[in-house]
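Enquirer: Provided below for reference: sequence and predicted model.
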Amino acid sequence: MTIKKGIGKFLKYGTLISTLCFVLVTLVQVYARFFMESAPSWTEEAARFFFIYAMSFAAGLAMKGNYYVKFDVVYDKLNLRQKHVLEFVMSLLIIIMFLILTIYAIHFVNVGISERSPSVGFSMAVAFSSIVVMGVFITVYAIWDFLKVFKKLKQ
């Protein structure tokens, strides 16, 4: 299995498991609100954590599949060479932006190590790490896109 396929599977399963856990915890919360005296306090926070991770894993997949919104009005009017230059610049900017985000996210995780979530009691570094996950995998896919565009530009 190649690295690309391995990362893709990791992100797919991460998204799937996080989403399923989000749905299950939300169902527990809904059930408890209707059929119990009070809902467990941890369900809301756990659902939030699972949702955040589902989005973090899915962000990498969106970058892999090129599913982000693009403004094609200008792009469609460019010739092939100009399109390659624009893709090159955009890939480079995405890499720079998400490298910066990832570096600062690591600092953010370090700040969250000593903080505890109110109901679940986990270190907030667990929640904050989702930003690192998102940043790393968007950066990885952006680098692969950059290399692909760079090859096109050299032709």
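Expert: Looks like it came in fine. The shown structure was predicted, so the numbers you read here are calculated from the model rather than taken from an experiment.
Enquirer: SS state for the residue lying farthest from the centre of the chain?
Expert: Computed with Cα atoms, centre = their mean, the maximum C-alpha offset from the centroid of the chain is found at residue 37, amounting to 36.5 Å. Under the three-state scheme (DSSP: H, G, I helix; E, B strand; the rest coil), residue 37 adopts coil.
Enquirer: Might you report the residue contacts of it?
Expert: For residue 37, the contact set (Cβ atoms under 8 Å, 6 or more residues apart in numbering) is empty. In short, each C-beta sits where N, CA and C put it, glycine included.
Enquirer: can you give me the offset of stretch 147-155 from its chain's centre?
Expert: 26 Å (Cα atoms, centre = their mean, to the nearest Å).
Enquirer: Name the residues that touch that stretch?
Expert: With contact meaning Cβ under 8 Å, 6+ apart, stretch 147-155 is reached by 84-85, 87-88, 91.
Enquirer: same thing with stretch 8-20?
Expert: With Cβ under 8 Å, 6+ apart as the test, stretch 8-20 has contacts from 1, 50-51, 53-54, 57-58, 60-61, 64, 133, 137.
Enquirer: buried sites along it?
Expert: Buried residues in stretch 8-20, defined by neighbour count with 16 or more other Cβ atoms under 10 Å: 8, 11, 14-15, 18-19.
Enquirer: of those residues, closest to residue 101?
Expert: Ranking the buried residues of stretch 8-20 by separation from residue 101, with Cβ to Cβ as the measure, puts residue 11 on top at 17.3 Å.
Enquirer: which phi and psi does that closest one have?
Expert: Listed backbone geometry of residue 11 is phi -70, psi -40, with angles given as degrees, to the nearest 10.
Enquirer: Does anything pack onto the helix or strand of the chain with the lowest mean pLDDT? Which helices or strands?
Expert: Ranked by mean pLDDT, DSSP states H and E, the weakest helix or strand in the chain is helix 72-75, scoring a mean of 86. Packing partners of helix 72-75 (3 or more Cβ pairs under 8 Å, 6 or more residues apart in numbering; DSSP states H and E): none among the helices and strands.
Enquirer: Go ahead and flag the most central residue of this protein.
Expert: When Cα atoms, centre = their mean is applied to the chain, the residue found nearest the centroid is residue 56 (2.5 Å).
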